[in-house]
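Undergrad: what follows is a predicted protein model with its sequence.
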Amino acid sequence: MKRFFEFFKPYRVMGVLAPLFKLLEATLELFVPLVMAAIIDDGIANKDNDFILKMGIVLVVIAGVGLAVAITAQFFSAKAACGFASDISKELFIHISKLSKKDYDRVGASTLITRISSDVSQVQTGVNLTLRLLLRSPFIVFGAMIMAFTVDVQAAIIFVVLIPVLAIVVGLLLRICIPLYKNVQKSLDKVILNTRENYSGVRHIRAYAGQKKEAEKFDELANKLQKNQIVNSRVQALMNPVTFVVVNIGIIALIYTGAVRVDTGVLSQGQVVALVNYMSQILVELVKLANLIISINKALACWGRIDEVLGIPVSEAGAQIAENRTKPDVLNAEKNDDKILSDNRNVLELKDVSFSYPDSSEPALKNISLELKIGETLGVIGGTGSGKSTLIKLLAGEYEVNSGSVSVNAPKNEIGIAAQKAVLFSGSVKENLCLGRDASDTDIRLALETAVADEFTKEKGGVEAEVEAKGRNFSGGQRQRLSVARALLKKPELLILDDSFSALDTVTEKTLSERIKNNYKNTTKVIISQRINSIKNADKILVLEDGECVGYGTHDNLMEKCDIYREIARIGGVSK
């Protein structure tokens with residue numbers, strides 16, 4: 001809970017004022033039955049209209065002051081809860097963005113979405129209710145019991161017996177409800193995961209006619225969620241009737257005892273009404289308290305899930321790689337060390353890199369070593385499952401290596417990556433290219449021209465042309481070219497093209513490659529491709545097979561010495 005209180009620290013003043021104002025409201029509420037008793041015994045019994053009017057004004061004043069105090073308390077509690085939840089959401093979003101791919105995969109996208117939305121909302125509700133009711137409800141319950149003793153000790157014994165019975169009943173119901181709610185949250189995670197998978201893979205599902213099977217799977221998960229929610233709701237639904245039954249038994253006992261004592265002249269009618277009112281106050285507050293405890297436990301369960309994500313060390317998320325990219329001697333190289341900027345500097349260096357995915361018995365990469373200097377181009381080729389994409393993930397810092405080292409001697413903001421599956425966001429072409437950065441029109445124009453994206457962009461309305469979510473209004477090749485243009489706009493020192501020419505025809509690909517070579521001469525490039533024509537002119541070519549380097553050199557050299565490379569060339573129709 002240490003992190004919880006750190007988040008709440010800026011709102012501690014409001015967190016104190018809100019319950020204090022609620023206690024003031026509760027104190028005023030406890031005096032209402034006594035005023036009503038006075039009206040009945042002294043006003044109505046004596047037909048004293050002036051007294052009734054005075055006490056009526058007192059009730060109005062109590063109600064008015066109580067309303068003002070309650071609104072003030074609500075304001076402080078709502079402001080503290082909303083600000084607290086907003087801070088958690090921001091920190092959670094920032095922290096998730098720093099997670100490594102390994103941690104991201106381990107936790108799961110669906111549960112991360114649930115935690116940053118539903119769980120934060122539950123925590124906000126829990127904090128809000130806690131500030132308003134955690135002190136108020138017990139104060140009313142015990143205050144009403146104490147006030148009952150001031151009216152009549154014998155009748156107040158009923159309160160002493162009734163309150164522990166109610167506490168036991170409420171405690172038993174809560175003990176059942178809390179585990180049930182955790183099951184509901186787990187079921188909700190599974191439904192969100194299944195929904196996300198179906199939406200993202202809808203084309204594949206339709207292509208293999210899997211709609212019926214997926215619908216049945218979703219129905220099964222949804223029915224399980226529904227079942228857990230129904231069971232939980234049924235138990236919660238018992239709270240009010242069981243509490244009402246116990247309290248009404250107490251009221252019956254109170255009225256019976258009061259009637260007898262009124263008949264003997266020990267109590268007045270007004271005092272009996274006051275006792276019944278105090279009993280009713282206890283009933284209302286116990287119901288509120290029970291619901292509050294349920295909300296608090298929900299909030300605590302949700303906070304535990306949030307804290308689990310915030311507790312993932314960023315160091316495990318590739319922080320060391322990020323630190324290497326932003327070393328002062330690299331960022332300030334232009335000022336501090338002319339040698340670093342020489343053509344002999346290795347922009348990229350891998351030494352005996354080996355990597356295995358979590359829970360995988362076989363390594364995805366084994367003993368990979370290479371180096372690239374300023375302006376050089378590395379081509380990476382290999383069959384499916386050879387480790388090409390894994391290599392890119394290591395270069396991008398998504399995973400940490402198991403052994404060896406990856407040195408990317410370039411600032412993180414000077415690394416451009418264009419993936420095979422181009423991701424575009426709703427907005428304009430310019431917004432997609434810049435992604436929050438400032439860029440001149442000249443730089444944007446150069447990036448679009450280099451990526452052979454200027455013509456179709458003009459046809460759609462220029463850089464202010466609308467881009468639908470996921471770039472639905474652009475073809476696959478157009479999305480890839482915009483993705484390349486976005487990477488080029490950073491004027492990267494290291495450019496990584498992860499099979500980002502796969503949707504392009506041969507002529508467009510050749511034009512794009514030539515323009516990158518001419519316009520970004522000092523940019524070091526890593527090109528992943530399935531086609532030899534895309535990488536044959538690279539300074540160095542890495543051939544991967546089952547995660548191992550089976551060839552490393554120039555095209556001519558590999559054609560002479562590497563059987564796997566020659567076979568890929570033969571299949572691709574490349575003879576030399």
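TA: Yep, that arrived. Values in this document were obtained by computation on a predicted structure and should not be read as measured data. Residues are numbered from 1 along each chain as shown.

Undergrad: quick one: the helices in the stretch 251-400 of the chain?
TA: For the stretch 251-400 of the chain, the helices defined by DSSP state H, counting those that start in this stretch occupy 269-310, 319-325, 328-331, 333-336, 388-395.

Undergrad: turn those helices into JSON lines, including mean neighbour count, distance to L135 and mean pLDDT.
TA: (Each C-beta comes from the backbone N, C-alpha and C, glycine too.) Formatted as JSON lines, the helices of the stretch 251-400 of the chain follow (neighbours: other Cβ atoms under 10 Å; distance: least, Cβ to Cβ, whole Å; pLDDT from 0 to 100):
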{"stretch": "helix 269-310", "mean neighbour count": "20", "distance to L135": "11", "mean pLDDT": "84"}
{"stretch": "helix 319-325", "mean neighbour count": "16", "distance to L135": "42", "mean pLDDT": "43"}
{"stretch": "helix 328-331", "mean neighbour count": "14", "distance to L135": "52", "mean pLDDT": "33"}
{"stretch": "helix 333-336", "mean neighbour count": "12", "distance to L135": "59", "mean pLDDT": "35"}
{"stretch": "helix 388-395", "mean neighbour count": "21", "distance to L135": "52", "mean pLDDT": "87"}
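
Undergrad: L180: which of those is closest?
TA: Among the helices of the stretch 251-400 of the chain, helix 269-310 comes nearest to L180, with 10.4 Å by Cβ to Cβ.

Undergrad: name the helices or strands packed onto the closest one?
TA: The contact analysis (3 or more Cβ pairs under 8 Å, 6 or more residues apart in numbering; DSSP states H and E) places helix 269-310 against helix 2-8, helix 12-38, helix 49-98, helix 109-114, helix 120-133, helix 136-151, helix 153-200, helix 239-263.

Undergrad: redo that, cut-off 7 Å
TA: Counting contacts by 3 or more Cβ pairs under 7 Å, 6 or more residues apart in numbering; DSSP states H and E, helix 269-310 is packed against helix 2-8, helix 12-38, helix 49-98, helix 120-133, helix 136-151, helix 153-200, helix 239-263.

Undergrad: now name the helix or strand holding the nearest residue to V353 once chain neighbours are set aside.
TA: Spatially, and ignoring its direct neighbours in sequence, V353 is nearest to G404 (3.8 Å; Cβ to Cβ, 6 or more residues apart in numbering). Using DSSP states H and E, G404 maps to strand 403-408.

Undergrad: so for that strand, what gets flagged as buried?
TA: By neighbour count with 16 or more other Cβ atoms under 10 Å, strand 403-408 contains the buried residues G404, V406, V408.

Undergrad: contacting residues for the residue nearest the centre of the chain?
TA: Nearest to the mean C-alpha position of the chain, by Cα atoms, centre = their mean, lies I116 at 2.6 Å. Contacts for I116 (Cβ atoms under 7 Å, 6 or more residues apart in numbering) come out as S89, L92, F93.

Undergrad: my read is that D454 contacts A447, right?
TA: No. Using Cβ atoms under 7 Å, D454 makes no contact with A447, being 9.2 Å away.

Undergrad: neighbour-wise, which of the two wins?
TA: When D454 and A447 are compared for neighbours, A447 comes out ahead with 25 against 19, by other Cβ atoms under 10 Å.

Undergrad: model confidence for the more buried one, exactly?
TA: On pLDDT, A447 comes in at 92.

Undergrad: what's the helix or strand it falls within in contact with?
TA: Under the criterion of DSSP H and E, A447 resides in helix 441-450. Contacts to helix 441-450, defined as Cβ under 7 Å, 6+ apart, come from residues K430, L433, D454, T457, V463, A485, L488, L489, R515, I516, N519.

Undergrad: can you select the buried ones from those in PyMOL?
TA: Those of the contacts of helix 441-450 that count as buried under 16+ other Cβ under 10 Å are selected in PyMOL with:
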select buried, resi 430+433+454+457+463+485+488+489+515+516
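
Undergrad: which among the contacts of helix 441-450 gets closest to R196?
TA: L433 (27.4 Å).

Undergrad: what's the closest non-adjacent residue to that closest one?
TA: Using Cβ to Cβ, 6+ apart, the closest residue to L433 is R486 (4.9 Å).

Undergrad: enumerate every residue touching that neighbour.
TA: For R486, the contact set (Cβ under 7 Å, 6+ apart) comprises N432, L433, L435.

Undergrad: mind checking the SS state of the spatially closest residue to G375 that is not a sequence neighbour?
TA: Nearest residue to G375 in three dimensions, chain neighbours excluded: N522, at 5.2 Å (Cβ to Cβ, 6+ apart). N522 carries the three-state label coil when classified by DSSP: H, G, I helix; E, B strand; the rest coil.

Undergrad: so can I have JSON lines of the contacts of I116 showing pLDDT?
TA: Output for those, formatted as JSON lines (pLDDT from 0 to 100):
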{"residue": "S89", "pLDDT": "91"}
{"residue": "L92", "pLDDT": "90"}
{"residue": "F93", "pLDDT": "89"}
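
Undergrad: and the buried ones among those residues, selectable in ChimeraX?
TA: Listed next is the ChimeraX selection for buried residues among these, using 16+ other Cβ under 10 Å:
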select :89,92
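
Undergrad: show me where pLDDT drops low in the stretch 451-576 of the chain?
TA: By pLDDT under 70, the low-scoring segments of the stretch 451-576 of the chain are 575-576.

Undergrad: returning to what we had before: so how far is the strand holding G404 off the chain centroid?
TA: The chain centroid and the centroid of strand 403-408 are separated by 31 Å under Cα atoms, centre = their mean, to the nearest Å.
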